[in-house]
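> sequence isn't available, so here's the structure alone:
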């Protein structure tokens with residue numbers, strides 16, 4: 001029997017809990033601990049495992065001999081930045097895919113993705129790096145989701161939907177086939193998107209309408 005790959009989870013919060021319980025189902029993975037930039041958390045336990053230090057602890061033996069990692073934080077920009085730091089330290093970026101997710105012949109599936117219970121990814125979909133797919137979300141055929149986007153639980157995509165990098169789609173939203181949601185945009189909870197949403201926009205409602213544009217560096221999800 002081959003040895004299990006030792007990994008650390010970046011982020012000792014609620015998203016880290018989600019990733020931990022998903023990875024428990026992956027027989028070839030052993031989670032040895034968490035890393036978190038908050039000094040108040042370091043040295044404590046999370047999900048019964050030690051918080052070994054900040055991200056830089058990944059370069060030291062105290063990281064439990066981990067060879068891989070996944071970043072499990074909700075903020076898209078933070079997830080992108082932490083993923084780059086982990087990659088620079090030489091750790092392999094792994095995916096956390098729940099066994100109750102259905103993934104059928106995507107064109108590509110990136111690294112460092114969290115895919116929760118009940119997610120369905122249909123043929124020819126493209127999933128970027130660092131994407132978070134919440135429970136029960138449906139990504140139909142020929143959709144494309146950009147790097148470090150967050151798709152919350154219960155979202156439904158029609159076919160050929162495109163979501164830009166760093167975008168956020170709120171819980172239970174529905175997107176008409178063929179629409180485009182721009183990079184860094186935010187679609188509100190329960191919205192119905194029937195027209196394209198530009199980059200950096202906040203949109204909500206049925207049908208979804210743009211309420212404003214985000215300022216430089218502004219984010220609504222941390």
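Right, received. Where do you want to start? In this text, all values refer to a predicted model and were calculated from it rather than measured experimentally.
> following the top helix by length along the chain, which helix or strand comes up?
Secondary structure assigned by DSSP state H gives helix 76-88 as the longest helix of the chain. Using DSSP states H and E, the helix or strand that follows helix 76-88 towards the C-terminus is strand 92-93.
> helices or strands up against that following strand?
Applying 3 or more C-beta pairs under 8 Å, 6 or more residues apart in numbering; DSSP states H and E, one finds that strand 92-93 contacts strand 68-71, helix 76-88. To be clear about C-beta, it is placed using only N, CA and C from the backbone, and glycine gets the same treatment.
> please state the offset of the longest one from the chain centre?
In this case it means helix 76-88. Helix 76-88 sits 12 Å away from the centroid of its parent chain (C-alpha atoms, centre = their mean, to the nearest Å).
> how close does the residue nearest the centre of the chain get to residue 70?
In the chain, the centroid-proximal residue (C-alpha atoms, centre = their mean) is residue 132; its distance is 2.1 Å. Between residue 132 and residue 70 the computed distance is 11 Å (C-beta to C-beta, to the nearest Å).
> list residues touching both of these two?
Residues touching both residue 132 and residue 70 by C-beta atoms under 8 Å, 6 or more residues apart in numbering: residue 114.
> would you check how far apart residue 18 and residue 153 are?
From residue 18 across to residue 153, the span is 11 Å (C-beta to C-beta).
> in the chain, where is pLDDT below threshold?
Scanning the chain for pLDDT under 70 picks out the ranges 1-2, 60-64, 216-222.
> and the longest helix of the chain, what's buried?
Buried residues in helix 76-88, counted by 16 or more other C-beta atoms under 10 Å: 76, 78, 79, 80, 82, 83, 85, 86, 87.
> what lies in contact with that helix?
With contact meaning C-beta under 8 Å, 6+ apart, helix 76-88 is reached by 10-11, 55, 58, 69, 71, 73, 93, 112, 129-130, 132, 147-150, 166-168, 184, 219, 221-222.
> buried among these? Need that as a selection in ChimeraX.
In ChimeraX syntax, the buried subset of those is picked out as below (16+ other C-beta under 10 Å):
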select :10,11,55,58,69,71,73,93,112,129,130,132,147,148,149,150,166,167,168,184
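> which ones among the contacts of helix 76-88 map onto strands?
Those of the contacts of helix 76-88 mapping onto strands are 10, 69, 71, 93, 132, 150, 168, per DSSP state E.
> could you redo those residues as JSON lines and give each row distance to residue 25?
Formatted as JSON lines, these follow (distance: C-beta to C-beta, whole Å):
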{"residue": "10", "distance to residue 25": "19"}
{"residue": "69", "distance to residue 25": "18"}
{"residue": "71", "distance to residue 25": "19"}
{"residue": "93", "distance to residue 25": "19"}
{"residue": "132", "distance to residue 25": "17"}
{"residue": "150", "distance to residue 25": "22"}
{"residue": "168", "distance to residue 25": "26"}
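> now do the same contact list for residue 115.
Going by C-beta under 8 Å, 6+ apart, residue 115 touches 22, 95, 96, 97, 98, 101, 103, 121, 133.
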